[in-house]
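K.L.:
coordinates only, sequence not included:
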């Protein structure tokens with residue numbers, strides 16, 4: 001188990017993955033403990049509409065882990081969109097742990113598509129995310145992201 005923030009270019013309060021449990025050339029698995037201090041958290045818990053960000057940050061951790069294996073720092077990437085997102089309940093309850101898996105389906109010249117799932121209690125949240133990691137970013141753009 002590794003601290004996920006070392007693999008993603010995010011800072012608090014926009015960090016939504018705690019640990020990178022497993023990562024290889026095909027997929028990554030991350031976990032998040034639902035806590036009141038998380039951005040967007042409400043009295044009922046973390047709204048499940050944040051699932052897209054949990055999935056995107058797991059993809060970012062996947063890319064950051066692959067980059068680290070080549071000696072590169074985490075890079076900024078962009079979420080282009082999602083398809084077929086399923087949200088079976090409105091909130092992740094406080095104190096619960098969610099497990100997020102992102103599996104690479106397509107990756108070519110920075111454009112990628114990942115099948116993502118979140119395991120929460122007896123539920124499985126799923127979506128297909130499209131992402132883009134530009135080969136280079138101008139410093140002005142990097143500062144504004």
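P.N.:
Great, that's in hand. Predicted, not measured: the structure shown is a model, and the values here were computed from it.
K.L.:
hey, where'd the strands end up in this structure?
P.N.:
Taking DSSP state E as the criterion, the chain carries its strands at 2-3, 19-23, 27-33, 46-47, 78-86, 91-92, 97-108, 111-120, 123-132.
K.L.:
Nearest to residue 67 among those strands would be which one?
P.N.:
strand 19-23 (11.0 Å; CB to CB). The way it works is simple: take the backbone N, C-alpha and C, and place the C-beta from them, glycine included.
K.L.:
which neighbours does that closest one have in its sheet, and in what orientation?
P.N.:
strand 2-3 (antiparallel), strand 27-33 (antiparallel) (DSSP bridges).
K.L.:
where among those strands is the average confidence lowest?
P.N.:
Between the strands paired with strand 19-23, the lowest average pLDDT goes to strand 2-3, which shows a mean of 85.
K.L.:
just to revisit the earlier point, would you list the strands of the chain in a markdown table and tack on mean neighbour count?
P.N.:
Converted to a markdown table, these look like this (neighbours: other CB atoms under 10 Å):
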| stretch | mean neighbour count |
| --- | --- |
| strand 2-3 | 12 |
| strand 19-23 | 19 |
| strand 27-33 | 22 |
| strand 46-47 | 19 |
| strand 78-86 | 13 |
| strand 91-92 | 22 |
| strand 97-108 | 17 |
| strand 111-120 | 20 |
| strand 123-132 | 18 |
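K.L.:
Turn the strands paired with strand 19-23 into JSON lines, including distance to residue 51.
P.N.:
Compiled in JSON lines, those are given as follows (distance: least, CB to CB, whole Å):
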{"stretch": "strand 2-3", "distance to residue 51": "22"}
{"stretch": "strand 27-33", "distance to residue 51": "10"}
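K.L.:
and of the ones you listed, who's closest to residue 114?
P.N.:
Of all the strands paired with strand 19-23, strand 27-33 comes closest under CB to CB, at 8.5 Å.
K.L.:
angle of the closest one against strand 111-120?
P.N.:
Strand 27-33 and strand 111-120 meet at an angle of 40 degrees, taking axes from the mean of the first three to the mean of the last three CA atoms, to 10 degrees as the criterion.
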